[in-house]
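J.: got a sequence here, can you build the structure:
(4 chains)
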There are 2 protein chains.
Amino acid sequence: MLELAILGFLYEAPLHGYVLRRHIAALTGHVRPVAESTLYPAIKRLEKAGLLVRATEPGAVAAPRHVLRLTEEGRVELRRRLAEPGQREITDENQWFVLLAFLRHLEDPAAQAAVLRRRLAFLEEPTSFFYEGDRPVRAEEVDDPFRQGILTIARATSRAELAWLRDTLVSLEGVGR
Amino acid sequence: MLELAILGFLYEAPLHGYVLRRHIAALTGHVRPVAESTLYPAIKRLEKAGLLVRATEPGAVAAPRHVLRLTEEGRVELRRRLAEPGQREITDENQWFVLLAFLRHLEDPAAQAAVLRRRLAFLEEPTSFFYEGDRPVRAEEVDDPFRQGILTIARATSRAELAWLRDTLVSLEGVGR
DNA sequence: ACGCAATACCTCGATGAGGATGTATGGTCG
DNA sequence: CGACCATACATCCTCATCGAGGTATTGCGT
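T.: I've put the predicted structure just below:
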């Protein structure tokens, strides 16, 4: 997820670590803060894999900056990760949002639609949060107000996202014609 | 998060690992599957910390079962974790849902309300997902349909949860009078 | 007779993530 | 003029997590 965010932001423009960190913090930081000690090793991994290069520049205000720029391989890799996301990126809202944030870079509307359809299929599957023995407990049976809250919120999110997914799929398919 | 789920389910009834795993999978597995190789070490950690004990029983159908039962310390620890959640448990929806699923075990309505109020405070803070340079980009300015989707979905979830939180807080405070 | 799925548990190695801390510099504020 | 904050990067250690694999039993289908 972190690597996807790094590739995504650098796809748009070269950045140095500090600014990149702020961008990532804005995107996902309110939910899960990004520790510097996670970001810098991630940058190194991507550099080692040949997906990005660093150029050291004198710091504008403080220490020297390492301006990060995607290589052509890095650009290809981002598009690959967007087109073929892992199951976690489809199911976990946090990761899914990161993917959505950069899905525009996939350019081909059919490929974008295919990704949205995977999310749609996931949301359309029925899920039960609680069981009593082996029997799934239905929403109306839950008497705990907190568990009812989970179901209420999950249903609201799901409804909103399904509506958006269907709308967006229609307009993406409209483009192809 | 995993440990909280284990403590939470065992608080309700002693279970053996396999059933526990199915319960956890129902609660969070559609979003983030729990690997067995994560669950069993987690059980061991909790056992080592004195929060649960095992009793080996002959297996009903297959291998012998290890029935897990919380110790008194384990029960105290669950209530402590529910009453004093870390910031991640408040902000990350996945972790928050796990916490909510067991919040009823906190019994004291005032303590439950205090936890809900922390979530409320978090949701009431304004957040901006995207920046252009240093300037936060407002929702209306986003032209990318996928980024608009993020904002649409996030807003719908937030609205639903805020409504539920306020309702539930009112009824929890009603209890105290 | 054979395989396969389900039950039930476990270990190991790699790695990603997180907390704490270190090392600079330049600007602001009291 | 000293404290402090923001910028900018980095490392260390620890631990949770994951994938891959291992062990063993029961029972069903074919």
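
J.: switch to C-alpha atoms for all contacts and neighbour counts from now on
T.: Noted.

J.: could you tell me the angle between the one helix or strand A:Thr157 maps to and helix B:145-176?
T.: Element membership for A:Thr157 (DSSP states H and E) is helix A:145-175. Here helix A:145-175 runs at an angle of 160 degrees relative to helix B:145-176 (axes from the mean of the first three to the mean of the last three C-alpha atoms, to 10 degrees).

J.: does chain B sit close to helix A:145-175?
T.: Yes. Using C-alpha under 8 Å from any C-alpha of the partner chain, helix A:145-175 reaches chain B at A:145-147, A:149-150, A:152-154, A:156-157, A:160-161, A:164, A:168.

J.: out of those, which end up buried?
T.: Among the residues of helix A:145-175 next to chain B, those buried by neighbour count (16 or more other C-alpha atoms under 10 Å in any protein chain shown) are A:145-147, A:149-150, A:152-153, A:156-157, A:160-161, A:164, A:168.

J.: adding pLDDT and distance to A:Arg45, write the residues you listed out as a markdown table.
T.: Output for these, formatted as a markdown table (pLDDT from 0 to 100; distance: C-alpha to C-alpha, whole Å):
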| residue | pLDDT | distance to A:Arg45 |
| --- | --- | --- |
| A:Pro145 | 95 | 45 |
| A:Phe146 | 96 | 41 |
| A:Arg147 | 95 | 41 |
| A:Gly149 | 95 | 41 |
| A:Ile150 | 95 | 37 |
| A:Thr152 | 93 | 41 |
| A:Ile153 | 95 | 37 |
| A:Ala156 | 94 | 39 |
| A:Thr157 | 94 | 35 |
| A:Ala160 | 96 | 37 |
| A:Glu161 | 97 | 34 |
| A:Trp164 | 97 | 35 |
| A:Thr168 | 96 | 35 |
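
J.: does the closest residue to A:Arg54 other than its chain neighbours sit in a helix, a strand or a coil?
T.: Computed as C-alpha to C-alpha, 6 or more residues apart in numbering or on different chains, the closest residue to A:Arg54 that is not its neighbour in sequence is A:Leu68, at 4.7 Å. In three-state terms, and counting by DSSP: H, G, I helix; E, B strand; the rest coil, A:Leu68 is strand.

J.: report pLDDT for A:Leu68.
T.: Model confidence at A:Leu68, given as pLDDT, is 92.

J.: check contacts around it.
T.: A:10, A:14-17, A:52-55 (C-alpha atoms under 8 Å, 6 or more residues apart in numbering or on different chains).

J.: among these, which ones are in strands?
T.: A:15-16, A:52-55 (DSSP state E).

J.: buried members of the residues you listed into PyMOL, please.
T.: For the buried members of these, the matching PyMOL selection, counting by 16+ other C-alpha under 10 Å, is:
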select buried, chain A and resi 15+16+52+53+54
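
J.: in JSON lines, list the ones in strands among the contacts of A:Leu68 along with distance to DNA strand C.
T.: Below are those laid out as JSON lines (distance: C-alpha to the nearest atom of the strand, whole Å):
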{"residue": "A:Leu15", "distance to DNA strand C": "18"}
{"residue": "A:His16", "distance to DNA strand C": "14"}
{"residue": "A:Leu52", "distance to DNA strand C": "15"}
{"residue": "A:Val53", "distance to DNA strand C": "18"}
{"residue": "A:Arg54", "distance to DNA strand C": "18"}
{"residue": "A:Ala55", "distance to DNA strand C": "18"}
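
J.: what's the closest of the ones in strands among the contacts of A:Leu68 to DNA strand D?
T.: A:His16 (4.5 Å; C-alpha to the nearest atom of the strand).
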